[in-house]
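Undergrad: turn this into a model:
(one chain, ligands or ions: 1)
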Amino acid sequence: METAYEDLVRVYEKIEGTPKRLEMTDHLVELFTSVPPEILDKVVYLTQGKLLPDFYGKELGLAGKLIVKTLTFTTGIGEEEILTLLREKGDIGLAAQEAIENKKQTALFANPLTVERVYGNFMKIADASGSGSQDLKMKLLAELLHDSTQLEAKYIVKSVAGSMRIGIADLTMIDALAVAFATKERRDDIERAYNVWSDLGRVAKLLAEEGEAGLEKVHLELGTPIRAMLCERLSSLDEIFEKLGECAFEYKYDGLRIQAHISEDEINLFSRRLEDVTEQFPDIVSALRESFRGKEGIVEGEAVPVNMVTGKFLPFQEVSHRRGRIHDLEKAEKEYPVRLFLFDCLHLDGEDLLDETLTDRRKKLGSAVEEGDDVRLSTMLVTENKEEVEGFFQESLEIGGEGLIAKALDSPYVAGTRGWNWIKFKKEYEEGMVDTVDLVIVGALAGRGRRAGTYGALLMAAYDAEDGRYKTVCKLGTGFDDITLAAIPDRLEEHKIPAKDPKVVSNMKADFWFSPEVVLEVLGTEITRSPVHTAAWDVVEKGAGLAIRFPRFTGRWREDKGPEDATTVKEIVEMYEQQEKVKS
Ligand code: AMP
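TA: Numbers count the residues shown, from 1 in each chain. I've put the predicted structure just below:
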């Protein structure tokens, strides 16, 4: 029996209608248990608005004008009218839903849509390339719209437009999987499986087919990126020693995190967002081939651009030029030579090392890598002596590092989670600033005077991993040079949406809204209670949230971070608590 696509979209409607995580979970459980296990992976991807996890690089996005054209010839409504609908409704999916009503009288021979058929056509749309591909894509979309109900059309069009955001956080999906196919006690193991495979659809299918016993099968695989281990922050060495005792300190390099999967005939490089970036760094690939002494392995490190004359590190932006740049690679390599500083080893010659201690993993890393000019191990100091660390910290800053990361010697590699096994200690803390935070642009206020024509300030939000929403923490208007400022509207254009995204929680009205996609690094002086901003609402004080005071843009577009990698509300609360502790 094939599954009706209508069943999916009915659940999407219910999910869209509730902000409550528990209710969402219930709806998802109902969905997951009602579809046959063999298509559950596809159902999960469709629900996330994807075809596959991001590391497959399979993108569905169809240009807006092709969608409008397709709607025109499936409904018989003119292009102008469709565009008017789009303006009225503010969303191409809602416009399609309305437009399709017109079609209903004419399509007598509709063949109800199944999940398999919708997914199949989406896949073909993503795969179509070369001459004639635009027509083919439109034809594939038209086929679906011809047979769709109004509600189905809404979600089909949202999906192909890349705007399928019904606001479900990964953690909510995991909760629902635990309820549907396992016991509460195994919830964390499901999260771990997700962190190792980075693929919710695959984990869901495994659970549906094999129940929780299937979890035993989840191991590291060469070629499948693992979700990165993340760090907490503390603002004094005393606190770090209190937490970790004797521990390892490493330079905190300021570059791009790279996870390298090395086998005998292939090397794959993944970014922190788990995108495959192998093609952008052929020099790292060949340097790793040269240095790696094992047969196969997974190693992790930070790629940093280096000034070959002085040996100092260059700013992060120099590397970001390289990203997405496929032409002129040779020139780019010379302009921005990159050195890889390895700091972890997750797999070596058939053995998973995730559960081994840092000390052992580091030993294995040392044995597997012969250091050269382009591949080095991170500089590390194991100590419990504060003065020694202070000197080491200064050294890190002198060569262009950001500070240090302290690591618990006996800790395993905990994929995908932020924890106290790794703690960062950065130079901003010394200057009495709060740490930099990575915030998501969710809105903008129109500029006046000198800023007419561009934005006066951006409305910035932190990510709330508890409910998968974005909560505002500041208006950001300083730190932009004139060129950046003038370029911002263009840069944000593709993310512009007519109304506040359902995932954004804001008490502030903005003149422009954006879907939460773009992450900027921001430095503030302090975290204060706020009657307006919605981050940590009611947490520190009833009827108040937390805000960043005197925020300024540091100049860094964190292209290596997705919106869910932004600083979380929980981190902001922790930063606030630390700051209050220091004050008292
Ligand atoms: P942040 O993005 O500020 O939370 O800092 C964490 C990031 O620092 C990691 O994701 C890495 O990309 C980077 N990093 C730099 N040096 C190291 C190191 N020695 N060990 C671990 N992570 C490092």
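Undergrad: low-confidence ranges, the chain, go.
TA: 102-109, 316-336, 429-434, 582-584 (pLDDT under 70).
Undergrad: residue 401: which element?
TA: Following DSSP states H and E, one finds residue 401 outside all helices and strands.
Undergrad: same thing with residue 205?
TA: Short version, using DSSP H and E: residue 205 is in helix 200-210.
Undergrad: give me the contact list for that helix.
TA: 32, 37-38, 40-45, 48, 52-53, 170, 173-174, 177, 180-182, 190, 193-194, 197, 214-215, 217-218 (CB atoms under 8 Å, 6 or more residues apart in numbering). Just so you know, the C-beta spots here come from the backbone N, C-alpha and C atoms, and that holds for glycine as well.
Undergrad: again, 6 Å this time
TA: Outside of helix 200-210, the residues within contact range by CB atoms under 6 Å, 6 or more residues apart in numbering are 37, 40, 41, 44, 45, 173, 177, 181, 193, 194, 214.
Undergrad: which residues touch the third one?
TA: Under the criterion of CB under 6 Å, 6+ apart, the contact list for residue 41 reads 201, 202, 205.
Undergrad: most neighbours among these, which one?
TA: In terms of neighbour count, residue 201 stands highest of the contacts of residue 41 at 23 neighbours, by other CB atoms under 10 Å.
Undergrad: any figure for the gap between it and residue 540?
TA: Counting by CB to CB, to the nearest Å, the gap from residue 201 to residue 540 is 38 Å.
Undergrad: again, but for residue 547
TA: Residue 547 is 11 Å from residue 540, by CB to CB.
Undergrad: any buried residues in the helix or strand containing residue 555, and which?
TA: Using DSSP H and E, residue 555 maps to strand 552-557. Within strand 552-557, the residues that qualify as buried by neighbour count (16 or more other CB atoms under 10 Å) are 552, 553, 554, 556, 557.
Undergrad: neighbours of residue 94, just the number please.
TA: Neighbour count of residue 94, defined by other CB under 10 Å: 17.
Undergrad: renumber starting at 46 from here on
TA: In the new numbering, first residue 46, that becomes residue 139.
Undergrad: any idea which helix or strand comes after the helix or strand hosting it?
TA: Residue 139 is part of helix 137-148, with elements assigned from DSSP H and E. Tracing the chain past helix 137-148, the next element assigned as helix or strand by DSSP H and E is helix 160-172.
Undergrad: contacts for the helix or strand following that following helix next, please.
TA: Later in the chain than helix 160-172, the nearest helix or strand by DSSP H and E is helix 178-191. Helix 178-191 is contacted from outside by 107, 111, 115, 119, 152, 166, 169, 170, 173, 198, 201, using CB under 6 Å, 6+ apart.
Undergrad: try stretch 455-470
TA: 240-241, 271-272, 274-279, 285, 288, 391, 399-400, 402-403, 448-453.
Undergrad: now, of those residues, which are buried?
TA: Buried among the contacts of stretch 455-470 by 16+ other CB under 10 Å: 240-241, 271-272, 274-276, 278-279, 285, 391, 399, 403, 448-453.
Undergrad: close to the ligand: what parts of this protein are there?
TA: Residues of the chain found near the ligand (CB under 6 Å from any ligand atom) are 273, 276, 295-298, 302, 317, 347, 388, 423, 450, 469.
Undergrad: give me the subset of the residues you listed that lies in strands.
TA: Within the residues of the chain next to the ligand, residues falling in strands by DSSP state E are 276, 295, 296, 297, 302, 347, 388, 450, 469.
Undergrad: returning to what we had before: who has more neighbours, residue 592 and residue 585?
TA: Applying other CB under 10 Å to residue 592 and residue 585 shows that residue 592 carries more neighbours, namely 25 against 16.
Undergrad: so that one sits in a strand?
TA: Yes. Using DSSP: H, G, I helix; E, B strand; the rest coil, the assignment for residue 592 is a strand.
Undergrad: skip the chain neighbours and tell me the closest residue to it.
TA: Closest residue to residue 592 apart from its sequence neighbours, by CB to CB, 6 or more residues apart in numbering: residue 575 at 3.6 Å.
Undergrad: show me what the one you found is bridged to.
TA: Beta bridges link residue 575 to residue 590 when assigned by DSSP bridges.
Undergrad: what's the distance between it and residue 589?
TA: Distance check for residue 575 against residue 589: by CB to CB, it reads 6 Å.
Undergrad: higher neighbour count, the two?
TA: Between residue 575 and residue 589, counted using other CB under 10 Å, residue 575 has the larger neighbour count: 21 against 18.
Undergrad: what's stretch 537-554 in contact with?
TA: Stretch 537-554 is touched from outside by 135, 212, 487, 514-517, 558-560, 562, 577, 579, with contacts defined as CB under 6 Å, 6+ apart.
Undergrad: what's the PyMOL line that selects buried ones from those residues?
TA: Buried residues among the contacts of stretch 537-554 (16+ other CB under 10 Å), as a PyMOL selection:
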select buried, resi 212+487+514+515+516+517+558+559+560+579
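Undergrad: and the furthest pair within the contacts of stretch 537-554?
TA: Spanning the widest gap among the contacts of stretch 537-554 are 135 and 577, at 24.6 Å by CB to CB.
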